[in-house]
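Chemist: Below: sequence and its predicted model.
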Amino acid sequence: MPLVMKLGYLEIGVKAVPESLGYYNGVMGAELTETSSDGTAHLSVGNDHHCLVIKPSQQPGLGAVGLQLRPPVTLDEVAKRLSDMGIAVDTRSDSRPGMPGLLAATFPGAPVFELYEHMAEVGPRTDNVGFSPSRLGHVALLSTEAKRLVQFLHEGLSCWTTDWFDDRATFLTCNRDHHVFNVLDAPFNGLHHVAFQLVDARHHFDAADRLTMEKIPLLWGPSRHTAGHNIASYHRAPEGSLIELYSDMDVYVPELGIFEPRAFHEDQPQKPKVWSLSNLSAWHTEFAFDLARG
């Protein structure tokens with residue numbers, strides 16, 4: 001059983017916080033829950049105090065990935081396990097609002113992973129601003145140390161591996177979603193994309209209409225992926241972050257090692273497998289790295 005239960009939050013460094021807030025708060029509909037004295041903004045699309053941390057920075061990009069531990073797993077247990085793997089860990093108290101403590105894990109080729117037990121909750125936004133995704137779903141990471149990053153997630157945090165694209169991409173999950181993490185072997189480190197779940201397929205139309213009104217072009221989709229089979233579209237936030245909106249992702253059944261059956265699956269039953277790069281869309285193969293770099 002994975003030691004973590006979900007992707008809790010991402011910290012993204014930006015040069016212009018107000019511009020990014022105009023998108024996440026006004027267009028997406030995330031609720032601004034707290035602003036720190038240094039201008040860092042905390043936003044939520046659900047009940048957690050935050051799922052996004054937008055931080056002023058002269059070096060934009062992904063700074064940290066927050067993962068909530070699965071009860072009754074404790075920070076001390078994870079600290080020992082990761083230390084035994086040679087991963088540097090640091091326990092921090094009250095370093096983020098709404099969180100009494102966290103464990104920061106660092107190693108080359110990866111952002112800082114912040115593991116936590118509890119986060120304060122806020123009420124869901126009720127004013128129907130923006131296209132209002134239901135939750136933060138998954139993150140795709142580019143890494144020069146992809147094998148070590150996968151080892152951290154698979155062996156260190158006991159996440160399940162659900163699919164591969166040859167030796168280019170590995171999909172892992174810590175819950176019933178097909179993937180919560182997508183690790184891509186790349187010549188540089190960074191965020192490939194962050195994904196927010198929409199309520200259902202119909203909401204793709206609402207989101208696309210809102211993005212069109214804001215003159216934010218779709219880069220791909222909505223269309224159905226292969227691995228995961230989620231219906232997805234991609235666009236860019238003002239600071240350059242690649243945003244995926246998705247729905248209808250495959251549901252993993254770890255006890256059986258299969259995904260809940262769907263009529264459109266290539267295999268019956270659909271099991272974790274290695275997909276050939278020939279099945280990967282041009283979006284991923286030809287343009288993924290260039291788009292991620294902006």
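Modeler: Noted; the coordinates are in hand. Numbers count the residues shown, from 1 in each chain.

Chemist: contacting residues for the residue nearest to residue 40 when sequence neighbours are not counted?
Modeler: Distances taken as Cβ to Cβ, 6 or more residues apart in numbering put residue 55 closest to residue 40, at 4.6 Å, once the chain neighbours are dropped. For glycine as for every other residue, the C-beta is placed from the backbone atoms N, C-alpha and C. For residue 55, the contacting residues are 11, 12, 13, 14, 17, 38, 39, 40, 41, 63, by Cβ atoms under 8 Å, 6 or more residues apart in numbering.

Chemist: Is the closest residue to residue 30 other than its chain neighbours bridged to anything, and to what?
Modeler: Among residues not flanking residue 30 along the chain, residue 43 sits closest, at 4.0 Å (Cβ to Cβ, 6+ apart). The residues listed as beta-bridge partners of residue 43 by DSSP bridges are residue 32, residue 52.

Chemist: Tell me where the stretch 51-200 of the chain has helices.
Modeler: Listed in chain order, the helices of the stretch 51-200 of the chain (DSSP state H, counting those that start in this stretch) span residues 75-84, 146-151.

Chemist: Kindly reformat those as CSV and extend each row with mean pLDDT and distance to residue 27.
Modeler: Formatted as CSV, the helices of the stretch 51-200 of the chain follow (pLDDT from 0 to 100; distance: least, Cβ to Cβ, whole Å):
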stretch, mean pLDDT, distance to residue 27
helix 75-84, 97, 36
helix 146-151, 97, 31
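
Chemist: Distance to residue 164 and mean neighbour count added to those helices, as JSON lines?
Modeler: Supplementary listing: these in JSON lines, determined by distance: least, Cβ to Cβ, whole Å; neighbours: other Cβ atoms under 10 Å:
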{"stretch": "helix 75-84", "distance to residue 164": "24", "mean neighbour count": "15"}
{"stretch": "helix 146-151", "distance to residue 164": "10", "mean neighbour count": "19"}
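
Chemist: For residue 131, which of the ones you listed is the nearest?
Modeler: With Cβ to Cβ as the measure, helix 146-151 is the member of the helices of the stretch 51-200 of the chain nearest residue 131 (30.9 Å).

Chemist: Any chance you could list what contacts the closest one?
Modeler: Helix 146-151 is touched from outside by 85, 107-110, 141, 143, 161, 170, 172, 183-186, with contacts defined as Cβ under 8 Å, 6+ apart.

Chemist: Out of these, which sit inside strands?
Modeler: By the criterion of DSSP state E, membership of the contacts of helix 146-151 in strands covers 141, 143, 161, 170, 172, 183, 184, 185.

Chemist: out of those residues, who has the most neighbours?
Modeler: By neighbour count, taken as other Cβ atoms under 10 Å, the most surrounded of those turns out to be residue 183 (29 neighbours).

Chemist: what bridges to that one?
Modeler: Once the bridges are assigned, which here means DSSP bridges, residue 183 pairs with residue 141, residue 170.

Chemist: could you measure it against residue 8, distance?
Modeler: Taken as Cβ to Cβ, to the nearest Å, the spacing of residue 183 relative to residue 8 amounts to 18 Å.

Chemist: Kindly report the same for residue 142.
Modeler: From residue 142 over to residue 8 the distance is 21 Å, taken as Cβ to Cβ.

Chemist: which residue is nearest the centroid of the chain?
Modeler: The structure's the chain has its C-alpha centroid closest to residue 139; by Cα atoms, centre = their mean the separation is 2.4 Å.

Chemist: Any buried residues in stretch 163-183, and which?
Modeler: By neighbour count, with 16 or more other Cβ atoms under 10 Å as the criterion, the buried positions of stretch 163-183 are 163-165, 168-175, 177-183.

Chemist: same check, this time on stretch 125-137
Modeler: 125, 130, 131, 132, 133, 135, 136, 137.

Chemist: Got the phi and psi for the fourth one?
Modeler: According to degrees, to the nearest 10, the main-chain angles of residue 132 amount to phi 50, psi 70.

Chemist: ok, now the second one?
Modeler: Dihedral angles of residue 130 (phi, psi; degrees, to the nearest 10) stand at phi 70, psi -170.

Chemist: Who are the contact partners of it?
Modeler: Contacts were defined as Cβ under 8 Å, 6+ apart; by that measure residue 130 touches 25, 26, 27, 28, 29, 30, 210.

Chemist: tell me the mean pLDDT for stretch 237-248?
Modeler: Mean per-residue pLDDT for stretch 237-248: 96.

Chemist: Would you work out how far apart the start and end of that stretch are?
Modeler: The stretch stretch 237-248 measures 23 Å between its terminal residues, going by Cα to Cα, to the nearest Å.

Chemist: That'll do, ta.
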